[in-house]
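J.: predicted model, plus sequence, below.
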Amino acid sequence: MSAYVLSTPLEARVAKCASLRAANAVPVVVEEAQARGGKAHFSALARETTVAQLVAAVRGFRGVDAKKPVALTVAGCSVSPSATLGELHDACRRADDGMLYVAYTAERCMGAAVCTPCGSCA
């Protein structure tokens with residue numbers, strides 16, 4: 001579970017989501033997968049933004065070299081680089097606050113499950 005979800009009351013998360021709402025945008029929380037109380041990045045990103053574009057943005061704000069792998073997960077599952085945030089938000093909107101939670105790791109991740117957006121993991 002997200003460190004942000006664990007440390008922030010539902011009312012505060014709903015208010016944050018409302019502040020990120022925009023037409024044709026998805027409220028997204030991006031945080032390091034294994035961080036305990038690490039910094040969460042909040043954005044309202046276009047629904048058409050792909051996972052590959054979000055990976056590039058994570059590389060930029062974390063200063064990760066292009067040769068080092070960056071993996072994103074939603075609900076504990078790896079997602080296709082061609083999936084859009086809009087597709088993921090629609091399929092994975094299980095959070096009570098309405099945000100899409102994306103975890104990243106900038107290390108080699110072995111044993112990650114691959115699944116359809118918020119479907120059953122393989």
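T.: Received it, and whenever you're ready, just let me know what you need. Numbers count the residues shown, from 1 in each chain.
J.: and the helices in this structure, which stretches?
T.: Secondary structure of the chain (DSSP state H): helices at 3-7, 10-20, 51-62, 85-92.
J.: distance between the longest one and the chain's centre?
T.: Computed by C-alpha atoms, centre = their mean, to the nearest Å, the separation of helix 51-62 from the middle of its chain amounts to 11 Å.
J.: buried sites along that helix?
T.: 51, 54-55, 58-59 (16 or more other C-beta atoms under 10 Å). Yep, even glycine has a C-beta here, placed from its N, CA and C like the rest.
J.: export the residues you listed as CSV, with columns for distance to residue 99 and pLDDT.
T.: Output for those, formatted as CSV (distance: C-beta to C-beta, whole Å; pLDDT from 0 to 100):
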residue, distance to residue 99, pLDDT
51, 16, 95
54, 14, 94
55, 19, 92
58, 17, 89
59, 22, 89
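J.: buried ones in stretch 10-21?
T.: Neighbour counts over stretch 10-21 (16+ other C-beta under 10 Å) mark 13, 16-17, 20 as buried.
J.: ok, residues contacting it?
T.: Contact with stretch 10-21 is made by 4-5, 8, 27-28, 42-44, 95-99, as judged by C-beta atoms under 8 Å, 6 or more residues apart in numbering.
J.: low-confidence ranges, the protein, go.
T.: Within the chain, the stretches with pLDDT under 70 are 1, 35-38, 93-95, 107-122.
J.: ranges for the strands of it?
T.: 25-32, 41-46, 71-74, 77-78, 100-105, 113-114 (DSSP state E).
J.: can you list those in a markdown table and add mean neighbour count and distance to residue 91?
T.: Formatted as a markdown table, the strands of the chain follow (neighbours: other C-beta atoms under 10 Å; distance: least, C-beta to C-beta, whole Å):
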| stretch | mean neighbour count | distance to residue 91 |
| --- | --- | --- |
| strand 25-32 | 21 | 12 |
| strand 41-46 | 17 | 16 |
| strand 71-74 | 19 | 9 |
| strand 77-78 | 17 | 11 |
| strand 100-105 | 21 | 10 |
| strand 113-114 | 12 | 15 |
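J.: now the helices of the chain in CSV, with distance to residue 75?
T.: Listed next are the helices of the chain as CSV, based on distance: least, C-beta to C-beta, whole Å:
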stretch, distance to residue 75
helix 3-7, 12
helix 10-20, 16
helix 51-62, 13
helix 85-92, 6
